[in-house]
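> Starting from these lines, generate the structure:
(chains A and B)
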2 protein chains.
Amino acid sequence: MRFATAIAAQEFPAASPDSAERAIPAVRGEVEVRLAMRHAGQRLLRLRYELVGTAGTPVVLVAGGISAHRHIAANSGFGEKGWAEGLAGVGRALDPSRRRLLGVDFIGADGELDAPIDTTDQADAIAALLDALKIEQLHGFVGYSYGALVGQQLAVRHPQRLARLIAVSGAHRPHPYASAWRALQRRAVALGQLQCAETHGLALARQFAMLSYRTPEEFGERFDAAPEVVNGRVRVAAEDYLDAAGVQYVARTRVNAYLRLSESIDLHRVDPAAIGVPTLVVAVEGDRLVPLSDLVTLVEGLGPRGSLRVLRSPYGHDAFLKETDRIDAILANALRLPGETA
Amino acid sequence: MRFATAIAAQEFPAASPDSAERAIPAVRGEVEVRLAMRHAGQRLLRLRYELVGTAGTPVVLVAGGISAHRHIAANSGFGEKGWAEGLAGVGRALDPSRRRLLGVDFIGADGELDAPIDTTDQADAIAALLDALKIEQLHGFVGYSYGALVGQQLAVRHPQRLARLIAVSGAHRPHPYASAWRALQRRAVALGQLQCAETHGLALARQFAMLSYRTPEEFGERFDAAPEVVNGRVRVAAEDYLDAAGVQYVARTRVNAYLRLSESIDLHRVDPAAIGVPTLVVAVEGDRLVPLSDLVTLVEGLGPRGSLRVLRSPYGHDAFLKETDRIDAILANALRLPGETA
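Next comes the predicted model:
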């Protein structure tokens, strides 16, 4: 049974590298696939990817949260900052001189697909992309947050496509409390859409999401100042930060992309016993979205294929974006080739 | 220095009691006061109260969260359910045959005062009310959540008016994370107002508030069902519950009352060392709004006047409404008269 078929592919090599040294190849491309979606029927979709690294080296797919995209980090071909800057680069576990790094835009991320998107759909799309790129097996799939859910589905549905999974801050199911939190964020967007304050609603949703990504410990440190009364209204210390977070998010996010990928987290369900590849689960104590107890359940269900690393961080669910040195050390160990030195 | 002056008082005894037995007196009344408000200047305000219990017995003021009001529990005069049903009644620590129970509507609760309201204002209003009722000293002030903050201010500004304070789930300052959460709730209301959907915004604010009042443990138990796709949208298991919570709240809450009392929590600041009366602090482990660590700081600041009781409850901040037997046992001990048996 094939859930997804690659139809056409196009590749766009990066412009000439800005370094005179031997450049690390970097390419962006698109693949058109026909996808049998779980809740949305047959769809023709465009998959966008970026592949950076020396030909012949092992391929590692790196997937992030619902706001992440195919550009993982600045590289010789595409110099702008990526979403995981600090996790990929020379000297890192994800070093493009020793690994090829594959980044993808999640389906739905362009905002053009207004239908329920399942994590199974993302996994099938990635399998089709690997077909098109003639990548038989990934050396590893590194998934953070939503990316971890997608990696789990790839390991259930296409286990031959990845040698190992590193799943950071993502469980086999959404926690019901976290689902309720996201459902209310989607309602904030809906409230904004009632007339024409769509971006206003999206900003508010993002601001509520920030509270779930971070921790009271961090807020206690950063925003302990007394509130002010401004124009007869109380304004608390964190509001400048939250305003900035809303503005920044709205500038780079299509409303439908947010809504459909947020829903997609809540649709996620995987039987841990069905994950067919060695899996390292990385948990953050104090993550308010993905409780440690759910990741312990996941690891127990994985049996001999599973292992667990627990970090303590004031950054909660966002620790993978902040504790880059500690994540890198974990990845270096998990992705090392036989005989390779640190 | 007087911050508040009672100007006129009116009393409305309850209609004839529905029991042939000697009824426990119950009265409702209003007092007009001139109040020098902290952020809003001089105001003429109407204070509404309910007083239930046998004349000559010690008076206990019971104050709840921002949604609470003067009607604590059903009684011989006013038969409808109160906000703390199960905490007051015959055989309880708050037994109206042995104590007079004083309940108040917070200033701002009628939605008519559209200005910043400080917890100092609430305390000054209560002192004026006690003047008007000729109650020299409360036997105790039992405050839950917002009520605990008001009790702290009364103990700072008018320590002679209360013999003891029992402060449940309320600290000397709002936690910055909780303030951020409330600020976003107020933004949900503002977004609704922008759209001529004021009650829609208020419902959403309440729904977000419910997440802060309860815990992931409770949601994990109650709402573990898989989501459904309804009309092309994902609907998670907790949404029926959240819908009901929103509808219920909107039916009984004026938007300004919600906004101004929510702000009032964020304006609250008390120096624990300035609290001039013996104070029992009751904390709930796992309260997501009022962390145990802040209540420990409060008790440390109280020095020899302070003591601490910690409860563990899956109901988090709402534990005082749910764990009524355990709260009652604490109150029985704290409010016992010399020589009185349990």
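> Okay, strands next: where are they in chain A?
A:4-13, A:26-37, A:41-52, A:59-63, A:100-104, A:140-144, A:165-168, A:228-230, A:233-235, A:279-285, A:306-312 (DSSP state E).
> right, so of those strands, which gets closest to B:Ala8?
strand A:228-230 (30.2 Å; Cβ to Cβ). For every residue, glycine as well, the C-beta is placed using N, CA and C.
> tell me the contacts of the most centrally placed residue in chain A?
For chain A, the residue nearest the mean C-alpha position is A:Gly64 (1.6 Å; Cα atoms, centre = their mean). Applying Cβ atoms under 8 Å, 6 or more residues apart in numbering or on different chains to A:Gly64 gives the contacts A:83-84, A:143-147, A:320.
> one more time with 10 Å, if that's ok
A:72, A:82-84, A:87, A:103-104, A:106, A:142-148, A:168, A:320-321 (Cβ atoms under 10 Å, 6 or more residues apart in numbering or on different chains).
> rewinding a little: to chain B, which of the strands of chain A lies closest?
strand A:233-235 (3.9 Å; Cβ to the nearest Cβ).
> For A:Asp118, give its distance to B:Val234.
10 Å (Cβ to Cβ, to the nearest Å).
> Hmm, I typed the wrong one, I wanted A:Arg187.
A:Arg187 is 12 Å from B:Val234, by Cβ to Cβ.
> next one: A:His200
Distance, A:His200 to B:Val234, using Cβ to Cβ: 22 Å.
> what about those two, which has more around it?
The neighbour count for A:His200 versus B:Val234, taken as other Cβ atoms under 10 Å in any protein chain shown, is higher for B:Val234 (25 against 22).
> Could you pull up the residues touching the closest residue to the more buried one other than its chain neighbours?
Of all residues not flanking B:Val234 in the chain, A:Glu263 sits nearest, at 3.8 Å (Cβ to Cβ, 6 or more residues apart in numbering or on different chains). Contacts for A:Glu263 were tallied using Cβ under 10 Å, 6+ apart; they are A:39, A:66, A:108, A:115-118, A:179, A:182-183, A:186, B:227, B:229, B:232-236.
> Could you do A:Ala123 as well?
A:3-4, A:141, A:149-158, A:161, A:270.
> which among the residues you listed gets closest to A:Asp328?
Of the contacts of A:Ala123, the one sitting nearest to A:Asp328 (Cβ to Cβ) turns out to be A:Phe141, at 16.8 Å.
> how close does the closest one get to B:Val281?
The value you get for A:Phe141 to B:Val281, if Cβ to Cβ is used, is 49 Å.
> Quick check: neighbours shared by A:Asp118 and B:Val234?
A:39, A:263-264, A:267.
> of these, buried ones?
Buried subset of the shared contacts of A:Asp118 and B:Val234 (neighbour count, 16 or more other Cβ atoms under 10 Å in any protein chain shown): A:39, A:263-264, A:267.
> so where is the stretch 201-342 of chain A shaky, pLDDT-wise?
A:342 (pLDDT under 70).
> which secondary structure elements does the lengthiest helix in chain A contact?
Looking across chain A with DSSP state H, the single longest helix is helix A:176-193. Counting contacts by 3 or more Cβ pairs under 10 Å, 6 or more residues apart in numbering or on different chains; DSSP states H and E, helix A:176-193 packs against helix A:198-213, helix A:255-267, helix B:176-194, helix B:198-213, helix B:216-222, strand B:233-235, helix B:239-252.
> Now do the contacts for A:Arg337.
No, residue A:337 isn't Arg; it's Leu. A:57-58, A:98-99, A:139.
> What about these, which one has the most neighbours?
A:Arg99 (23 neighbours).
> what's the pLDDT at it?
For A:Arg99, the pLDDT comes out at 95.
> can you check A:Gly77 too?
Reported pLDDT for A:Gly77: 92.
> what's the answer for the one 5 residues further on, then?
Reading off the confidence values, A:Gly82 has pLDDT 97.
> try the one 4 residues further on
Confidence per residue is given as pLDDT, and for A:Gly86 that number is 90.
> ok, the residue nearest to it when sequence neighbours are not counted - how many residues close by?
Leaving aside its chain neighbours, A:Gly86 sits nearest to A:Thr324 (3.9 Å; criterion: Cβ to Cβ, 6+ apart). Close neighbours of A:Thr324, defined as other Cβ under 10 Å, add up to 17.
> now A:Thr324: how far from A:Thr215?
Taken as Cβ to Cβ, the span from A:Thr324 to A:Thr215 is 18 Å.
> And A:Leu335, by the same measure?
On the measure of Cβ to Cβ, A:Leu335 and A:Thr215 end up 28 Å apart.
> again, but for A:Ala55
42 Å.
> These two: who's more crowded?
A:Thr215 (22 against 7).
> ok, now which ones touch the residue lying farthest from the centre of chain A?
The C-alpha centroid of chain A is most remote from A:Gly232, which lies 41.1 Å away (Cα atoms, centre = their mean). Contact analysis of A:Gly232 by Cβ under 10 Å, 6+ apart lists B:39-40, B:114-116, B:263.
> is it true that the residue nearest to A:Gly86 touches A:Val168?
No. A:Thr324 is beyond contact range of A:Val168, at 11.7 Å (criterion: Cβ atoms under 10 Å).
> hey, what's in contact with both of these two?
A:Leu331.
> tell me the contacts of A:Phe141?
A:59-63, A:102, A:123, A:126, A:147-148, A:150-152, A:154-155, A:161-167, A:277, A:279.
> what sits opposite it in the beta ladder?
Beta-bridge partners of A:Phe141, counted by DSSP bridges, are A:Leu61, A:Leu165.
> circling back: and the buried ones among the contacts of A:Glu263, selectable in ChimeraX?
The ChimeraX command for the buried members of the contacts of A:Glu263 (criterion: 16+ other Cβ under 10 Å) is given here:
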select /A:39,66,108,115,116,117,118,179,182,183,186 /B:227,229,233,234,235,236
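> tell me the two of the contacts of A:Ala123 that are most distant?
Pairwise over these, using Cβ to Cβ, the maximum falls at A:Ala4 and A:Val270, 18.3 Å.
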